[in-house]
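Undergrad: One predicted model, sequence on top.
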Amino acid sequence: MLSTRNGAPVEAFAKSDSVIQGQSLKFHADDVQSRRLSAAWQARFQRKGKSAARSPFRVNSNQNSSGRAKPVLFYYNRKLDRSRPKIPKTLRNGFFNMKILVTGGAGFIGSNFILQQIQDESVSIINLDKLTYAGNLRNLDSLADHKRYTFVRGDIADRALVRRLLEEQVPAAIVHFAAESHVDRSIRGPEEFIQTNINGTFALLEETRSYWTGLSAEERDHFRFLHVSTDEVFGSLAPNDPAFSERTPYAPNSPYAASKAASDHLVRAYHHTYGLPVLTTNCSNNYGSFQFPEKLIPLMILNARDGKALPVYGDGKNVRDWLYVEDHCEAIATVLRRGATGETYNIGGWNEKPNIEIVEMICDLVDGLSPRLGAPRRDLITFVKDRPGHDRRYAMDASKIQRELGWRPKETFESGIRKTVRWYLEHDEWVRDVTSGSYRQWITTHYAD
Ligand code: NAD
Ligand code: DAU
């Protein structure tokens, strides 16, 4: 509790849309978010053994007769603030020394990103993940005792937690992967998609805005919020349509795609309205190690391995543009370092393939690596009822990121899919771990119709 000059306790309120006035941030009254901000600052002062009276807050008491605090004005003077941790000096001098808050880092792409980026000694990572069915800390076993890696279990929609993390860790960037990501699940139950992808992103943006506003001008300049999104926001292409570009209008078709589109719009608005330095990447279908086996490629590899039916939706001619996950992670790192704020970048593999071709390739690779007595795996292919609203074709024009930032994929589909099949066949323990009760339940329910 802050105290007034005469020592009476007063609940200090602040306003989230605080405006920078010279060196002071002026807050006032009646806003829940900033009330929590002041509570966090109080905690910091208590930890440091300072009395609130000597804190950099100047408080005007304004209690009403009922004893409840009425809205008050107070000023937080940046010049007086010696307690706030600073973003590492090297970054402030323009050298890229990065503490990154990664959300959803225990999932497929997030864990690949962390494992790749932690190789860079100037990078440290805090991973905030709720550990839903899709999050798996095993992916990051190799970092268990790593001094530049911290794991925090939590929900991006938990604003108090996000606020505390930002204040204590003082990241120079946020890379936002956390999402519900499976289209079929969004069709069966969209609510969680709205909650995490829209409300969760909104909560994260609000807390980020508040944190970013409190940074020094130089730190604000260097800060980045990178939002990881998808090509599905653009809808579906006809066979001869040109690939999606950054200027293609949004036309999401599934609840998943709509929730990602909504989050993209929020991210854009926070740049346009508040100047938050955001970057958005829209990527095509990823494949590679650690992908949860509800998605096409790992599901087909494991079913093929086990001699189970390979369920292909509709006629199997839906087209996706496939990108090896490590290439995607490098693209994200490139955008984070060199992308222009407020811009969006399409990322893709220049590798359009109909689903049936992918499944046949997998069958042949599994046959080669783990021969099946009797019939070839292609015999397991089973055409099943189509996904409702199934987008026919996605294709990404990834020329902007190549032209402006010099990124292009390194892996060919042939080499990437071979590595991926081998990885799943060699990681039986990981597979057993993730294909436990709730996974089996999903497969039984989903493929029953
Ligand atoms: P994933 O489902 O494998 O992982 C999502 C992760 O987010 C999990 O670790 C999960 O525990 C975590 N999470 C979910 N809700 C959370 C919450 N409320 N708070 C904190 N953590 C939460 O997903 P993925 O395939 O790795 O995708 C990551 C991101 O990339 C998503 O935003 C997705 O939309 C996007 N994307 C994916 C692909 C793809 O092909 N997989 C392609 C383009 C874009
Ligand atoms: O395009 C990017 C998107 O790719 C990401 O934003 C999503 O998070 C990611 O899940 C992925 O979405 P898709 O729906 O394209 O991926 P999925 O692996 O579920 O399906 C790929 C294609 O394979 C799609 O046309 C549906 C088809 N399919 C899928 C499954 C699971 C089948 O034919 N049978 C199946 O059993």
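TA: Okay, I see it. Numbering: from 1, shown residues only. Ligands and ions are numbered 1, 2, ... in the order given.
Undergrad: Next up, the contacts around the residue nearest to residue 137 when sequence neighbours are not counted.
TA: Spatial nearest neighbour of residue 137, excluding adjacent residues (CB to CB, 6 or more residues apart in numbering): residue 106 at 5.6 Å. Any C-beta I mention is one placed from the backbone N, CA and C, and that applies to glycine too. Neighbouring residues of residue 106 by CB atoms under 8 Å, 6 or more residues apart in numbering: 127, 129, 131, 135, 136, 137, 139, 140, 151.
Undergrad: List the buried residues in stretch 440-449.
TA: Applying a neighbour-count criterion of 16 or more other CB atoms under 10 Å, one finds 442, 443 buried in stretch 440-449.
Undergrad: what about residue 149, neighbour count?
TA: 20 (other CB atoms under 10 Å).
Undergrad: what's near enough to touch the spatially closest residue to it that is not a sequence neighbour?
TA: With CB to CB, 6+ apart as the criterion, residue 149 has its nearest non-adjacent residue at 4.4 Å, and that residue is residue 143. Residues near residue 143 by CB under 8 Å, 6+ apart: 114, 115, 118, 149.
Undergrad: Pull up the gap between residue 143 and ligand 2, please.
TA: Per CB to the nearest ligand atom, to the nearest Å, residue 143 is found 24 Å from ligand 2.
Undergrad: ditto for residue 418
TA: Distance from residue 418 to ligand 2, by CB to the nearest ligand atom: 19 Å.
Undergrad: Would you verify that residue 272 is located in a helix?
TA: Yes. Under DSSP: H, G, I helix; E, B strand; the rest coil, residue 272 sits within a helix.
Undergrad: give me the number of residues near the residue lying closest to it once chain neighbours are set aside?
TA: Spatially, and ignoring its direct neighbours in sequence, residue 272 is nearest to residue 342 (7.5 Å; CB to CB, 6+ apart). The number of residues packed near residue 342 is 15, by other CB under 10 Å.
Undergrad: contacting residues for residue 342?
TA: With CB under 8 Å, 6+ apart, residue 342 has these contacts: 268, 271, 272, 277, 278, 279.
Undergrad: got a winner among those residues for most neighbours?
TA: residue 278 (28 neighbours).
Undergrad: Wait, it touches residue 340, no?
TA: No. Contact criterion CB atoms under 8 Å: residue 278 and residue 340 do not qualify, at 10.7 Å.
Undergrad: what's the neighbour count on residue 263?
TA: So residue 263, with other CB under 10 Å, has 26 neighbours.
Undergrad: contacting residues for it?
TA: Taking CB under 8 Å, 6+ apart, one finds 179, 197, 198, 201, 202, 227, 229 in contact with residue 263.
Undergrad: Which ones among those map onto helices?
TA: 201, 202 (DSSP state H).
Undergrad: Turn the contacts of residue 263 into TSV, including pLDDT.
TA: Shown next, in TSV, are these (pLDDT from 0 to 100):
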residue	pLDDT
179	98
197	98
198	99
201	99
202	98
227	98
229	99
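Undergrad: of the contacts of residue 263, closest to ligand 1?
TA: residue 179 (3.3 Å; CB to the nearest ligand atom).
Undergrad: Would you enumerate the residues in contact with the closest one?
TA: Counting by CB under 8 Å, 6+ apart, the residues that residue 179 touches are 104, 196, 197, 200, 228, 259, 260, 263.
Undergrad: ok, the third one - contacts?
TA: Contacts of residue 197 were listed using CB under 8 Å, 6+ apart, and they are 179, 180, 256, 259, 260, 262, 263.
Undergrad: what's the closest of the residues you listed to residue 286?
TA: residue 179 (12.9 Å; CB to CB).
Undergrad: Please report the distance of the closest one from residue 298.
TA: 18 Å (CB to CB, to the nearest Å).
Undergrad: One more: residue 418?
TA: For residue 418 relative to residue 298 (CB to CB), the value is 14 Å.
Undergrad: The two: which has the busier surroundings?
TA: residue 298 (25 against 15).
Undergrad: secondary structure element for the more buried one?
TA: Element membership for residue 298, per DSSP states H and E: helix 296-306.
Undergrad: ok, and for that helix, which residues are buried?
TA: 296, 297, 298, 299, 300, 301, 302, 303, 304, 305.
Undergrad: So residue 212 versus ligand 1, what's the distance?
TA: 20 Å.
Undergrad: Report pLDDT for that residue.
TA: In this model, residue 212 is scored at 98, pLDDT.
Undergrad: For the nearest residue to it once chain neighbours are set aside, give me its contacts.
TA: Setting aside the residues directly before and after it, residue 212 is nearest to residue 223 in space (CB to CB, 6+ apart), at 5.5 Å. By CB under 8 Å, 6+ apart, residue 223 lies in contact with 87, 172, 173, 212, 215, 277.
Undergrad: now residue 278
TA: Neighbours of residue 278 in contact, by CB under 8 Å, 6+ apart: 224, 225, 226, 227, 267, 268, 270, 271, 341, 342.
Undergrad: Low-confidence stretches in the stretch 251-400 of the chain?
TA: Residue ranges of the stretch 251-400 of the chain with pLDDT under 70: none are present.
Undergrad: Would you agree residue 173 is in contact with residue 102?
TA: No. In this structure, residue 173 is not within contact of residue 102 by CB under 8 Å, at 9.2 Å.
Undergrad: Neighbour count: these two, which is higher?
TA: Shown here are residue 173 and residue 102; by other CB under 10 Å, residue 102 has more neighbours (27 against 22).
Undergrad: By proximity to ligand 1, which residue of the stretch 301-449 of the chain wins?
TA: The stretch 301-449 of the chain approaches ligand 1 most closely through residue 328 (7.2 Å), counting by CB to the nearest ligand atom.
Undergrad: how deep is that residue tucked in, by neighbour count?
TA: 26.
Undergrad: how close does it get to ligand 2?
TA: Counting by CB to the nearest ligand atom - residue 328 and ligand 2 are separated by 10 Å.
Undergrad: check which helix or strand covers that residue.
TA: Going by DSSP H and E, residue 328 is in helix 325-338.
Undergrad: try residue 168
TA: Using DSSP H and E, residue 168 sits in helix 159-169.
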